[in-house]
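Peer 1: can you look at this prediction? I've put the sequence above it.
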Amino acid sequence: MSLHPVLELVHAARQGGYAVGYFESWNLESLQGVIDAAEQTRSPVILGFNGEFLTHPGRRTEERIAWYAALARAAAESAGVPCGLMFNECAREEPIRQAIAAGFSMVMLDDPEAAPADLTRRVAELARYAHTQGVAVEAEAGELPCGAGGEVAGGGVTDPAAAARFVAETGIDVLAVSVGNVHILLRGERQLDLERLAAIRRAVSVPLDLHGGSGIPAESLREAIALGVAKVCHGTYVKQRYLDALRGTLNADTANPHQRLGMGGEADLLVAGRLAVRDAVLERIELLGCCGRA
């Protein structure tokens, strides 16, 4: 079976001097594409979904977390490389607990609106509960700026001393840091503050994670991994490639809906999306140093 605890993959990456990639999925085709790329490169990989997206109050239909977990488990168990399952970035404990019960082996409580003391208390409580279930917890010290509006705004860098206190008080297993990386950077790249990253690495003992992997330059990412980053998250650019592929495929000349959906040919949107995700993952996965490690 190729399903492994996420923390096991992260610790192996840290010991091996590489990083394992979390490439976010949202449906079957995106899961298939991620695994296709991981198998092609013989790379361990973290599969998962964004908890904040799945539970957002603006969704038009309610999602069942257990369905997503079952889909990801089936994909991981049949994959030819080690796969872990993560429920990423959710601000509410109830769906996180549902994710734990459904079989995700790492979860992340992420609530930028919470007061620091309250967030620390909540993360500590979640970590205590998750650990009784054999599930690891990731949390963030500092806050990534966001580029979703077209301009990078907000956020706050991770302070090494504050990060050390946060890790000690919460008992988390993986620390996400803000060192120049940006959430949802729609275009361009941003260099990392490697000196700050090195200071954080000296201050804390748990593995470090970089969210906002889509906008980190290749050389900066390699240097960050050399400094001890063991997990890197990607989402934005994967969805951009997926959408570009769907738009291009819709230009194909066919009136047959089965050729659009389900027949698997050149005009099939499902195939186009899967291949676009595969190729997008292949663009970045080699930078992590994890290829050939499966």
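Peer 2: Sure, I can see it.
Peer 1: CA only for contacts and neighbour counts going forward, please
Peer 2: Fine.
Peer 1: in this structure, where is pLDDT below threshold?
Peer 2: Residues of the chain that meet the criterion pLDDT under 70 lie in 1.
Peer 1: and the strand ranked longest in it, which residues are buried?
Peer 2: In the chain, with assignment by DSSP state E, the single longest strand is strand 83-90. For strand 83-90, the neighbour count (16 or more other C-alpha atoms under 10 Å) marks 83-90 as buried.
Peer 1: and that strand, what does it pack against?
Peer 2: Applying 3 or more C-alpha pairs under 8 Å, 6 or more residues apart in numbering; DSSP states H and E, one finds that strand 83-90 makes contact with helix 6-16, strand 45-50, helix 51-54, helix 65-78, helix 93-102, strand 106-109.
Peer 1: the ones you listed: which one's closest to residue 201?
Peer 2: helix 6-16 (11.9 Å; C-alpha to C-alpha).
Peer 1: and the angle from the closest one to strand 45-50?
Peer 2: Angle of helix 6-16 versus strand 45-50, following axes from the mean of the first three to the mean of the last three C-alpha atoms, to 10 degrees, is 130 degrees.
Peer 1: secondary structure class for residue 209?
Peer 2: Per DSSP: H, G, I helix; E, B strand; the rest coil, the secondary structure class of residue 209 is strand.
Peer 1: could you double-check that it sits in contact with residue 179?
Peer 2: No. Applying C-alpha atoms under 8 Å as the test, residue 209 and residue 179 come out as separate, 10.7 Å apart.
Peer 1: settle it for me: which of those two has more neighbours?
Peer 2: Between residue 209 and residue 179, residue 209 has the larger neighbour count (other C-alpha atoms under 10 Å), namely 28 against 25.
Peer 1: format the buried residues of strand 83-90 as JSON lines; extra columns: distance to residue 167.
Peer 2: Formatted as JSON lines, the buried residues of strand 83-90 follow (distance: C-alpha to C-alpha, whole Å):
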{"residue": "83", "distance to residue 167": "26"}
{"residue": "84", "distance to residue 167": "23"}
{"residue": "85", "distance to residue 167": "22"}
{"residue": "86", "distance to residue 167": "20"}
{"residue": "87", "distance to residue 167": "20"}
{"residue": "88", "distance to residue 167": "18"}
{"residue": "89", "distance to residue 167": "17"}
{"residue": "90", "distance to residue 167": "19"}
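Peer 1: what about stretch 80-95, how long is it end to end?
Peer 2: Start and end residues of stretch 80-95 are separated by 30 Å (C-alpha to C-alpha, to the nearest Å).
Peer 1: who touches that stretch?
Peer 2: Stretch 80-95 is contacted by residues 2-6, 9, 38-39, 42-52, 55, 65, 72-73, 76-77, 96, 99, 103-111, 126, 294 when judged by C-alpha atoms under 8 Å, 6 or more residues apart in numbering.
Peer 1: circling back: mean neighbour count and distance to residue 118 for the helices and strands packed on strand 83-90 - can I get that in JSON lines?
Peer 2: Below are the helices and strands packed on strand 83-90 laid out as JSON lines (neighbours: other C-alpha atoms under 10 Å; distance: least, C-alpha to C-alpha, whole Å):
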{"stretch": "helix 6-16", "mean neighbour count": "20", "distance to residue 118": "25"}
{"stretch": "strand 45-50", "mean neighbour count": "26", "distance to residue 118": "22"}
{"stretch": "helix 51-54", "mean neighbour count": "19", "distance to residue 118": "19"}
{"stretch": "helix 65-78", "mean neighbour count": "18", "distance to residue 118": "26"}
{"stretch": "helix 93-102", "mean neighbour count": "18", "distance to residue 118": "13"}
{"stretch": "strand 106-109", "mean neighbour count": "26", "distance to residue 118": "12"}
